[in-house]
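J.: sequence and predicted structure, then a few things I'm wondering about:
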Amino acid sequence: MSRWSDYAPEIDKLSPQITVNLIMMNGGFMLTIMTQLAWYMWNAGDITHQASLISDAIFHCGWHLRGVSDAGCGAAGAGAGCEAGAGRDVRRLVLLGCAQAQRPLVLKAFGMQDVSYQSYVMLKLKTFRMNSLVLVCLALVAVAAARPQATYTSKYDGVNVDEILANDRLMMPYIKCALDHGRCSPEAKELKSHIKEALENNCAKCTDKQKPAVRKVIAHLINHKPAEWRQLSDKYDPAGKYTAQTSRDKQKPAVRKVFAHLINHKPAEWRQLSDKYHPAGKYTAQYEDQLRAILVENKHRQQKPAVRKVIAHLINHKPAEWRQLSDKYDPAGKYTVQYEDQLRAVKA
């Protein structure tokens, strides 16, 4: 058996190298320990920093850590539901801390999964998109509300105006509503809200169905309800700036009818009136030209049924005479053919 003394010379030779190796091992071990300690201290500082941010957020929100950890637990004690609820609350606060720290965070103090700044950014982008959509919708609503309405609502365009005007029991509630003398139905309230504006802008915002209806109502009031028309005029146009013009406009058809009758049936009296009130004839001449043309058109319109009846009688009962007339006045048959096609079966 070898003795220790036999290896002593070789050990003595290797002792310097062993010493160096031991020093290196000890140094490496200490360096590793210091590195780990520094890493733990850095994490601890980071967690402490984040915890301070979270604490500030909790404080500003009026919460306490005990309240957060016990959120929704009640008197029954902690459970899975409590932990899940607390986790959601804490996660919101952790994300707030991530936003302020601007770097990844590993928060194990609350037993949560790793929450990185990237996940916060993705969540923030989603929130930003949603908030942007809400802001766009609100902006559109604001623009629509601020933009002047192009036309009045057509909700009540289907109301039978003739039926209302023909029945005082139906019409008077509208007038009383407009005069603040009675209750207002929804359609009467809508009408009342636009009376003044419609008078001022000559019904510029009225729909195509509302314009003739408004003219019909005003004409009916002027001609059949003068007292109510005067009350409405005094309320909505006390200066008479718009209603006077409206009254004149509604009287124009009646005036034109009188002029047309005089021009076409009483030319001598029309001439006397023209010479008396407008000797130069500058304005009466235009009435004469317009109203004579209207008379001619009306006569043609009235004559058409009679002419068609005569032609139908000739085609169906006097074909020989119809042929002679056609050969004389339309030898090419360019016009008479269409009458024959249309009226041959018509009984005169």
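T.: Looks like it came in fine.

J.: domain ranges for the chain?
T.: 16-115, 161-265, 274-348 (automatic domain parsing).

J.: first-to-last residue distance for the longest one?
T.: Using C-alpha to C-alpha, to the nearest Å, the end-to-end distance of domain 161-265 comes out at 35 Å.

J.: rank the domains of the chain by mean pLDDT and give me the bottom one.
T.: Among the domains of the chain, domain 16-115 carries the lowest mean pLDDT, at a mean of 52.

J.: apart from its neighbours in sequence, what residue is nearest G333?
T.: Among residues not flanking G333 along the chain, S326 sits closest, at 6.6 Å (C-beta to C-beta, 6 or more residues apart in numbering). Every residue, glycine included, has its C-beta placed from N, CA and C.

J.: can you get me a residue count around the one you found?
T.: 19 (other C-beta atoms under 10 Å).

J.: packing partners for the helix or strand encompassing it?
T.: Per DSSP states H and E, S326 falls inside helix 319-329. Secondary structure elements in contact with helix 319-329, counted by 3 or more C-beta pairs under 8 Å, 6 or more residues apart in numbering; DSSP states H and E, are helix 284-317.

J.: residue boundaries of the helices in the stretch 101-250 of the chain?
T.: For the stretch 101-250 of the chain, the helices defined by DSSP state H, counting those that start in this stretch cover 117-146, 161-165, 168-178, 186-200, 210-224, 226-236, 243-265.

J.: need the residues that contact the fourth one.
T.: Contact with helix 186-200 is made by 152-153, 155-156, 159, 173-174, 177-178, 184, 205-206, 214, 232, 236-237, 242-243, 246, as judged by C-beta atoms under 8 Å, 6 or more residues apart in numbering.

J.: in the helix holding S326, what counts as buried?
T.: 322, 326 (16 or more other C-beta atoms under 10 Å).

J.: heads up, I number from 17, so please use that
T.: Shifting the count to begin at 17 puts that one at helix 335-345.

J.: after it comes which helix or strand?
T.: helix 352-359.

J.: pull out the buried residues from stretch 278-294.
T.: Buried-residue list, stretch 278-294, by 16+ other C-beta under 10 Å: 278-280, 286, 290.

J.: cool, and stretch 178-193?
T.: Within stretch 178-193, the residues scored as buried using 16+ other C-beta under 10 Å are 180-181, 187, 189-191, 193.

J.: how about stretch 236-245?
T.: 236-238, 241, 244-245.

J.: please apply the same query to stretch 347-356.
T.: 352, 355-356.

J.: that one: end-to-end distance?
T.: OK, stretch 347-356 end separation, C-alpha to C-alpha: 14 Å.

J.: please apply the same query to stretch 192-209.
T.: Using C-alpha to C-alpha, the end-to-end distance of stretch 192-209 comes to 14 Å.

J.: if I look at P254, how far off is W338?
T.: 69 Å (C-beta to C-beta, to the nearest Å).

J.: hmm, I typed the wrong one, I wanted P189.
T.: Relative to W338, and taking C-beta to C-beta, P189 is found at 62 Å.

J.: farthest pair within the buried residues of stretch 178-193?
T.: L181 and C193 (15.7 Å; C-beta to C-beta).

J.: on that earlier part again, for H333, state which of the buried residues of stretch 278-294 is nearest.
T.: The closest of those, once distances to H333 are taken by C-beta to C-beta, is N280, at 35.2 Å.

J.: state the distance from that closest one to V323.
T.: 21 Å.

J.: what do you get for L186?
T.: From L186 across to V323, the span is 44 Å (C-beta to C-beta).
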